[in-house]
Every structure is written in structure tokens, then in C-alpha cells.
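A.B. asks: I would like to see how this sequence folds:
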Amino acid sequence: MKMVVCGCCAASWKRCVVVCLRFLFLLPAGLPVRSQGQSQSDNKQMDNITVRQGETVFLSCSQGDFVTHTAWLNRSSILYAGEDKWSVDPRVSLVTFNQDEFTIKIEDVDLTDEGQYICAVQTISRPRTTSVHLIVQVPPKIVNLSKDLVLNEGSNVTLMCLASGRPEPAIVWRMISPSDDGLSSDTEVLEIPFITKQRAGTYECTAANDIAVDTQTVELTVNYPPSVSEGRDVGVTLGQRGVLECEADAVPEADFEWYRDDRRIFSSFDGIEIENAGALSKLTFFNVSEADYGNYTCVAINKLGSANTNIVLYEIIEPTSSTLLQVETASVLQMTSSDLEQTAFENNEFWEGPGAVQDGNSGTSTMFTPTCLLLIVVLQLLLKF
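C.D. replies: All right, here's what the predicted structure looks like:
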């Protein structure tokens with residue numbers, strides 16, 4: 001009994017193998033074997049099909065008359081045998097199956113779908129195959145990019161940008177902010193030796209192929225010690241408000257300290273206020289006194305160093321009534337002297353100093369002395385005031 005069962009199993013297994021071989025090689029039962037000089041199949045190579053990743057592709061071949069078996073294969077896998085689906089991939093489906101056309105559809109094409117596809121048709125006379133190579137294009141994607149960096153001035157910097165895609169994408173590095181100064185690289189690596197603060201900013205990596213472009217950026221922050229703008233001396237009238245300003249360029253931002261001689265000044269000390277806002281520090285005197293005049297030092301400090309500048313607060317003296325009188329008197333003297341000279345010139349009189357006498361032909365003589373001139377000036381001033 002066991003022998004009979006085993007014999008049946010063996011017979012069934014052999015029958016299955018024969019069926020599979022016939023199907024795979026599309027050899028109908030009873031077909032006579034041709035001689036070696038006769039062509040056993042017609043093979044046709046179609047043009048390559050190029051499709052972008054994520055798109056849908058249609059694979060089609062013609063069948064013709066007297067077709068007994070038809071199949072679409074991918075490499076060694078059967079996708080469809082006639083109307084029967086052999087592939088377990090839900091993206092593959094049958095579109096058209098008739099005497100003229102056998103078309104299948106592959107949706108959401110991926111890179112793994114690339115390769116050769118064969119449409120095998122078995123007629124009553126001989127097998128016929130049509131093959132096509134599917135090329136999948138993949139848009140570029142940056143897969144490895146350097147992180148944002150914070151480093152000290154003078155350091156060496158290497159930025160890396162790696163991208164995938166089909167065709168292979170071209171990589172370009174360039175500095176885009178604060179300004180495009182021409183620093184660039186057409187390779188995956190951008191090297192910046194001995195970086196300066198002028199090289200701090202935003203760097204862009206671009207990966208591009210025939211399909212699309214992918215762009216990402218990296219921020220470079222460069223730390224450097226403070227540099228302080230030259231201080232401007234400030235003149236203030238006694239009792240008025242005065243402001244000393246100190247500006248520093250530094251990364252990270254500088255901390256400010258103010259000194260009078262060797263003594264540090266703090267905010268709210270003796271009517272003084274210190275206000276720091278970013279790169280600017282202000283030292284404000286709300287009511288300047290005699291003791292406030294003098295030399296002040298502003299110091300800017302960060303972890304990389306320090307810098308300082310000196311600023312002088314000096315007194316501006318407002319003009320008084322006596323100084324105004326002196327200025328006015330000098331002005332009037334100048335004007336009066338000029339008027340007298342003009343009058344004498346018009347009357348043909350010539351000023352020759354004390355004791356000068358007019359030409360006897362005129363019949364009179366006029367003498368101008370400094371005392372008379374001074375009296376005229378004083379009289380004009382009195383009349384004015």
C-alpha cells in the first residue's frame with residue numbers, strides 16, 4: 001500500500017514538473033523538435049523605457065493569431081501568465097488581454113523595479129519573445145549633510161554633502177549669506193582653512209540631476225574676540241545730561257565694563273546709569289557735576305579676549321553777559337572805525353593819527369583822537385542797551 005501511494009506521489013510530482021517546464025519554456029505538448037538549422041523563436045528587443053520613481057509604467061506586447069500561452073516575466077519571476085496573476089505585488093495589475101495586445105501596469109515604480117522585462121508568447125508554430133529594459137530615474141536627495149557649526153576664528157572647516165539619485169547628481173557648495181563672495185566648490189567637500197569672521201554665515205549645498213534639484217543649508221558661526229570702535233569725546237555743560245557711548249564687534253556678544261581711572265563704575269552709582277543693548281553700551285550722566293569731568297575707559301570682554309577705548313567727558317562753558325559785552329564791543333569798534341574811515345575818505349579827509357590837520361585850503365581842521373573814538377563807541381553801546 002505504501003508503495004502504491006509513493007508511486008502516485010512520484011507520478012504526480014513528475015507531472016507537475018513537466019507542466020512547469022512546458023509553461024516556463026512555452027513548449028506546447030506534442031510540438032515536434034525542429035532541427036538545429038531551423039529558428040525555434042523570434043526574439044525582439046524594444047527600446048528602453050525610462051520612468052521616474054513614483055510614476056506608473058505600462059508594459060505592452062502584441063500577441064497575434066494562434067497564441068497558446070502568454071506571460072510577462074521580470075528577470076526569473078512570472079508577473080502574469082495570461083489572465084492569471086502570479087506576482088504578489090499589489091502594484092502590478094492587468095490592463096489589456098486580448099488577441100492583439102497583452103498589457104500590464106506597474107504603479108509607484110521604485111528603483112527595485114529596474115531591469116529587463118520579457119513578454120513571452122507561444123504560438124502553435126514557435127515561441128516568440130519581446131524584451132524591454134526598464135530604467136528608473138530617481139530625483140536627487142541629500143542623505144548626509146554636515147551639521148551647523150560653531151567654531152573659533154582661525155579653525156579649519158570641512159563641510160560634507162552626500163546625495164543619492166539616478167542619474168548621479170552633481171554637487172555644488174556655495175556661500176549665500178551674508179553675501180555671495182565667490183566661495184564655492186563643485187565637489188561633495190568644501191574646505192575652508194583658517195576661517196575668518198568674514199566667512200561666517202549660511203552655506204548652501206545643491207544636488208541636481210536631469211530630474212530635479214535638492215537644496216539644504218548649513219550655518220557657520222565664527223567666534224572672535226571683541227574689537228571696539230574708537231571712542232568720541234563728549235562735551236557737556238555743567239548740570240546737563242551727558243551720554244558716553246561704546247560700541248564693540250564680537251562673537252559671542254561682549255560684556256561691557258566702565259572705569260573712571262582705576263575705579264569700576266556700576267549702574268545707579270552717583271546718578272550714573274549703564275545700559276547695554278547688544279553691541280552698544282551707554283554711560284549716562286543725568287546731572288553732570290564738576291567731579292564728573294575727566295577720562296573714562298570702556299572695556300568689552302568675551303571668552304576669546306578683550307578690547308578697550310578711552311572717552312573724555314569735558315566741560316562746555318556757556319557765554320555770560322560780560323563775555324557777550326566784550327564780543328559786542330569788539331564788533332562795534334571794528335564797525336565804527338570802518339565807518340569813520342569811509343566818511344573821511346568821502347570828505348577828502350585823511351586820518352593821520354593824533355594832531356593831524358586838514359589841508360589849509362579847506363578853511364577848517366578836524367582832529368580825531370582815540371579818546372573821542374572810545375567815547376563814541378561807549379555812547380553807541382549805551383544807546384543799544
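
A.B. asks: setting the sequence-adjacent residues aside, check what's closest to Leu304.
C.D. replies: Nearest non-adjacent residue to Leu304, counting by CB to CB, 6 or more residues apart in numbering: Pro225, 4.1 Å away. To be clear about C-beta, it is placed using only N, CA and C from the backbone, and glycine gets the same treatment.

A.B. asks: again, but for Ile317
C.D. replies: Nearest non-adjacent residue to Ile317, counting by CB to CB, 6+ apart: Thr237, 7.7 Å away.

A.B. asks: make sure that neighbour is actually in contact with Ile316.
C.D. replies: Yes. Using CB atoms under 8 Å, Thr237 is in contact with Ile316, at 4.9 Å.

A.B. asks: what's near enough to touch the residue nearest to Leu304?
C.D. replies: Applying CB atoms under 8 Å, 6 or more residues apart in numbering to Pro225 gives the contacts Ala250, Asn302, Leu304, Gly305, Ser306, Ala307.

A.B. asks: backbone dihedrals for Leu111, please?
C.D. replies: Backbone geometry at Leu111, expressed as degrees, to the nearest 10, gives phi -60, psi -30.

A.B. asks: circling back: what's around the residue nearest to Ile317, how many residues?
C.D. replies: The number of residues packed near Thr237 is 12, by other CB atoms under 10 Å.

A.B. asks: note down every partner strand of the longest strand anywhere in the chain and its orientation.
C.D. replies: Ranked by residue count, the top strand of the chain under DSSP state E comes out as strand 127-145. Each strand that pairs with strand 127-145, with its direction, by DSSP bridges: strand 42-45 (parallel), strand 49-52 (parallel), strand 115-123 (antiparallel), strand 157-166 (antiparallel).

A.B. asks: in the longest one, what counts as buried?
C.D. replies: The one in question is strand 157-166. In terms of neighbour count (16 or more other CB atoms under 10 Å), strand 157-166 has its buried residues at Val157, Leu159, Cys161, Leu162, Ala163, Ser164, Gly165, Arg166.

A.B. asks: now the strands paired with strand 127-145 in CSV, with mean pLDDT?
C.D. replies: Shown next, in CSV, are the strands paired with strand 127-145 (pLDDT from 0 to 100):
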stretch, mean pLDDT
strand 42-45, 75
strand 49-52, 94
strand 115-123, 90
strand 157-166, 96
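
A.B. asks: rebuild these as TSV, extending it with distance to Thr96.
C.D. replies: Shown next, in TSV, are the strands paired with strand 127-145 (distance: least, CB to CB, whole Å):
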stretch	distance to Thr96
strand 42-45	19
strand 49-52	17
strand 115-123	12
strand 157-166	29
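
A.B. asks: domains of this structure?
C.D. replies: Taking automatic domain parsing as the reference, the chain has its domains at 41-138, 146-225, 229-315, 321-384.

A.B. asks: once you drop chain neighbours, what's closest to Thr215?
C.D. replies: Nearest non-adjacent residue to Thr215, counting by CB to CB, 6+ apart: Thr206, 5.0 Å away.

A.B. asks: ok, Thr96 next?
C.D. replies: Leaving aside its sequence neighbours, Thr96 sits nearest to Thr103 (CB to CB, 6+ apart; 4.2 Å).

A.B. asks: the one you found: how many residues sit nearby?
C.D. replies: Using other CB under 10 Å, the number of residues around Thr103 comes to 17.
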